[in-house]
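# please work out how this folds:
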Amino acid sequence: MSLKQSIEEAFADVTYPGDNNITRCPYNCRECRRIAEYFRGKQWTGYPVEELRNNNAALSLFTPQAFHYFLPAFMLASIDFYEKGDVIPDAIRFHFEYCQEAKGHFVVRMSKLTSAQRQAIIDYLIYMEDKGAGSSEHAIGMLSEASEFA
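Next comes the predicted model:
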């Protein structure tokens, strides 16, 4: 099975978070509204890599449910068009590198992932390392130990 097929299969059953559950901003800021409007009502398939590159901040602004749902879109786009989506692998890796300041948010995100999804993300990060995206050692370690967060 290819990496893309592995990602698609692992995330196939993740449900859409709902139109009012895309971003988590309590201030209703312009950036969160823009991100929510862009992703609202859409499936996680078929996004142009340029648009996801321009919207990579969404990975930080998504609710845990939206992050879980839309993450494969970013992964798949950057596999096919690594040069055009150059910031996407780093943006993804960042969210799997635990830091004490964001412990609560990290635990919520990690607890949503199945073992197949964690493995698909690990395989993605290894693939991106081979493409030159930088070391994912810490993120891979955190994903490998994620059962502690479930």
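
# could you list the low-confidence segments of this protein?
Judged against pLDDT under 70, the low-scoring parts of the chain cover residues 85, 98-103, 146-150.

# what helix or strand is the residue nearest to the spatial centre of it on?
With the centre of the chain defined as its mean C-alpha position, the nearest residue by C-alpha atoms, centre = their mean is Leu71, 3.0 Å away. Leu71 is part of helix 64-80 when elements are defined by DSSP states H and E.

# work out for me the element the residue at the greatest distance from the centre of the chain sits within.
Among the C-alpha atoms of the chain, the one farthest from their average position, using C-alpha atoms, centre = their mean, is that of Tyr27, at 23.0 Å. Using DSSP H and E, Tyr27 maps to neither a helix nor a strand.

# next SSE after the helix or strand containing Arg109?
According to DSSP H and E, Arg109 maps onto helix 103-111. Elements were assigned by DSSP H and E; along the chain past helix 103-111, the next helix or strand is helix 115-131.

# and that following helix, what's buried?
Neighbour-count burial for helix 115-131 flags 117-118, 120-125, 127-129 (criterion: 16 or more other C-beta atoms under 10 Å). Every residue, glycine included, has its C-beta placed from N, CA and C.

# for stretch 29-45, same thing?
For stretch 29-45, the neighbour count (16+ other C-beta under 10 Å) marks 32, 35-36, 39-40, 44 as buried.

# return the closest of these with respect to Asp19.
Proximity of these to Asp19, judged by C-beta to C-beta, is greatest for Arg40, which lies at 5.1 Å.
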